[in-house]
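K.L.:
I would like to see how this sequence folds:
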Amino acid sequence: MSNAPLSILFGTAGLFYGLILPLVLLFLFTLILAASMHSGAAKPVKVTEAVYSYLMQGLGILLMTLGSLPTLYSVLIGNSF
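P.N.:
Numbering: from 1, shown residues only. This is a model prediction of the structure:
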C-alpha cells in the first residue's frame, strides 16, 4: 500500500494550502462582512450568520467531493477497494 496521498497532503504544497487557504477564507469573510456593513440597514448578527452559512455550505460541498474521490478512482482504474 502506498503512502503517496499522505506525502502529498503533508508535502510542501499541502502545507502551503493548509496555511494559506484558511487565511484567505478569513480575509474573504472579513471583506464580505465589512462590505455588507457599509449599508445603513445591515444587521451585524444576520450578516455574519449568512456569511458563515455560505462558508459552511462550501466546506460541506468540498468534503462531499473529497469523499467521492476513492469511488471515482476505483471506477476509473477498474479495481474495487
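K.L.:
Pull up the gap between Tyr54 and Val75, please.
P.N.:
With distances defined as Cβ to Cβ, to the nearest Å, the gap from Tyr54 to Val75 amounts to 31 Å. All C-beta spots, glycine's among them, are computed from the backbone N, C-alpha and C.
K.L.:
Which residue is most remote from the mean position of this structure?
P.N.:
Ranked by distance from the centre of the chain (Cα atoms, centre = their mean), the top residue is Gly40, with 30.9 Å.
K.L.:
Name the SS class of it, please.
P.N.:
When states are read from DSSP: H, G, I helix; E, B strand; the rest coil, the local structure at Gly40 comes out as coil.
K.L.:
which phi and psi does it have?
P.N.:
Backbone geometry at Gly40, expressed as degrees, to the nearest 10, gives phi -70, psi -30.
K.L.:
What score does it have for pLDDT?
P.N.:
As predicted, Gly40 sits at a pLDDT of 78.
K.L.:
same question, Phe16
P.N.:
According to the prediction, Phe16 has pLDDT 74.
K.L.:
just Ser2 next, same as before
P.N.:
Note on Ser2: pLDDT of 53.
K.L.:
what's the answer for Gly60, then?
P.N.:
Value for Gly60, per-residue pLDDT: 89.
K.L.:
Same check on the one 3 residues further on?
P.N.:
Per-residue confidence at Leu63 stands at 86 (pLDDT).
K.L.:
That one - how many residues pack around it?
P.N.:
By the other Cβ atoms under 10 Å criterion, the neighbourhood of Leu63 contains 10 residues.
K.L.:
No further questions, thank you.
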